[in-house]
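Novice: Sequence first, then the predicted structure, then my questions.
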Amino acid sequence: MDVLGEALLDYQAENYTEDIKTYLTIKNSLEEEKDILPLPYLFRTFEKMPYLEKEALKLCHGKVLDIGCGGGSHSLYLQNKGMRVTALDSSEGAIRTCQLRGVKNYVHSKITDFKDHRYDTLLLLMNGIGIAGSLKGLNILFKHLKSLLNMGGQIILDSSDIIYMFDAETDGGHWLPFDGSYYGEVKFRMEYKKIEGAPFDWLYIDYNTLQGVSLEHNFNCELVSQGDHYDYLARITSK
């Protein structure tokens, strides 16, 4: 079910009655972390965007692919600045929302199915890198993203280190899973009204791990800025 798309289209049609409920399950936990994703937040203007998002948009140049564009707020901002931007999302409702909001260039596709195009900036905001699902998936995704980059191109992304979600020990460390997996690999699902989405794999990656994976793919990884709660903005470029 297209939970995100249904919610976006409702808000666009001024039929806003409730928000998206999100559920996150970390490694070795039987409990879901519940949260709310407010629909107005997905339609925010540049002035209301978090600092890291504003900085990310300022770094964009050339031909831009907005991966996981959602309601199209980032694409619209760049488009209004006169930049060549294409909004891409696997949600049909999200792309329809982008159309209704005035985004000129859009693609309904999974990023891994999108080929034969090249860009100067690949933009993955709101932890868009999470679509990799796992560190193994990130290696696969990086190989594909490299095929979409022009010479001298860049990947702009934000993410979070979710170490704070694990129990702290007396020495200041954290109790992490010992099954060989990465602690930032989680299960995520969404609900909206009576629509329940299926659980899917999602990735939160700390900066040091992101930097290490980037180097394995012959990328330079730069820490651009850090947020107030384990979040950060990174810029990745080919060596």
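Specialist: Good, I have the coordinates. Residues are numbered from 1 along each chain as shown.

Novice: all helices of this protein, in order?
Specialist: Using DSSP state H, the helices of the chain run over 3-12, 51-59, 73-80, 92-101, 135-147, 207-216.

Novice: by contact count, what packs against the first one?
Specialist: With contacts defined as 3 or more CB pairs under 8 Å, 6 or more residues apart in numbering; DSSP states H and E, the packing partners of helix 3-12 are strand 20-25, helix 92-101, strand 185-192, strand 195-196. Where you see a C-beta, it was placed from the backbone N, CA and C, and this is true even at glycine.

Novice: Throw those into JSON lines and include mean neighbour count, mean pLDDT and distance to residue 49, thanks.
Specialist: Below are the helices and strands packed on helix 3-12 laid out as JSON lines (neighbours: other CB atoms under 10 Å; pLDDT from 0 to 100; distance: least, CB to CB, whole Å):
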{"stretch": "strand 20-25", "mean neighbour count": "18", "mean pLDDT": "97", "distance to residue 49": "18"}
{"stretch": "helix 92-101", "mean neighbour count": "20", "mean pLDDT": "98", "distance to residue 49": "16"}
{"stretch": "strand 185-192", "mean neighbour count": "20", "mean pLDDT": "97", "distance to residue 49": "21"}
{"stretch": "strand 195-196", "mean neighbour count": "14", "mean pLDDT": "96", "distance to residue 49": "27"}
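
Novice: how about those in CSV, adding distance to residue 72?
Specialist: Formatted as CSV, the helices and strands packed on helix 3-12 follow (distance: least, CB to CB, whole Å):
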stretch, distance to residue 72
strand 20-25, 16
helix 92-101, 4
strand 185-192, 18
strand 195-196, 21
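
Novice: returning to that earlier point: I'd like the helices of the chain written out as TSV, with distance to residue 188 added.
Specialist: Putting the helices of the chain into TSV (distance: least, CB to CB, whole Å) gives the following:
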stretch	distance to residue 188
helix 3-12	11
helix 51-59	20
helix 73-80	21
helix 92-101	16
helix 135-147	14
helix 207-216	19
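
Novice: Quick one, which of these gets closest to residue 162.
Specialist: helix 207-216 (11.7 Å; CB to CB).

Novice: Poorly predicted segments of this structure, please.
Specialist: Within the chain, the stretches with pLDDT under 70 are 167-180.

Novice: quick one, longest strand in it?
Specialist: strand 149-160 (DSSP state E).

Novice: residues touching residue 24, list them.
Specialist: 32, 33, 35, 186, 187, 188, 202 (CB atoms under 8 Å, 6 or more residues apart in numbering).

Novice: which one of the residues you listed sits closest to residue 122?
Specialist: residue 202 (18.8 Å).

Novice: Pretty sure that closest one sits against residue 133.
Specialist: Yes - using CB atoms under 8 Å, residue 202 is in contact with residue 133, at 6.3 Å.
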